[in-house]
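Asker: Sequence plus the predicted model coming up.
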Amino acid sequence: MTEPIALPEPRDVPSRRLPRFGFHQHTERLNGRLAMLGFIALIAVEIRLGHGLLSW
């Protein structure tokens, strides 16, 4: 058998620019995390008040 040929390592690593707007994975992840925090805060307020926030 012959030995495999080693490929050279790339010298330049391309830099990825983040998109400025639109639906992207990092913005959707941030939106989801903030929604979860808001939902937990709403539940905490309802437990503290003893009734639902929309029942006023």
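Answerer: Received the coordinates, thanks.
Asker: Just the element for residue 47, please.
Answerer: Assigned by DSSP states H and E, residue 47 falls within helix 25-49.
Asker: My error: substitute residue 19 in the last question.
Answerer: Element membership for residue 19 (DSSP H and E) is empty, with no helix or strand holding it.
Asker: Any figure for the gap between it and residue 28?
Answerer: Summarising the geometry, the distance separating residue 19 from residue 28, computed by C-beta to C-beta, to the nearest Å, is 12 Å. From N, CA and C alone the C-beta is placed, and that goes for glycine too.
Asker: and if you look at residue 2?
Answerer: Residue 2 sits 48 Å away from residue 28, going by C-beta to C-beta.
Asker: Can you pick out the residue with more neighbours from those two?
Answerer: Legend: neighbour count by other C-beta atoms under 10 Å for residue 2 and residue 28, higher for residue 28 (10 against 4).
Asker: From residue 2, how far off is the residue most central in space within the chain?
Answerer: Among the residues of the chain, the smallest C-alpha distance to the mean C-alpha position (C-alpha atoms, centre = their mean) belongs to residue 29, namely 2.3 Å. Taken as C-beta to C-beta, the spacing of residue 29 relative to residue 2 amounts to 47 Å.
Asker: swap in residue 48?
Answerer: Taking C-beta to C-beta as the measure, residue 48 falls 74 Å from residue 2.
Asker: Model confidence for residue 1, exactly?
Answerer: At residue 1 the predicted local confidence, pLDDT, stands at 69.
Asker: Make 195 the starting number, not 1.
Answerer: With 195 as the first residue, the last one maps to residue 195.
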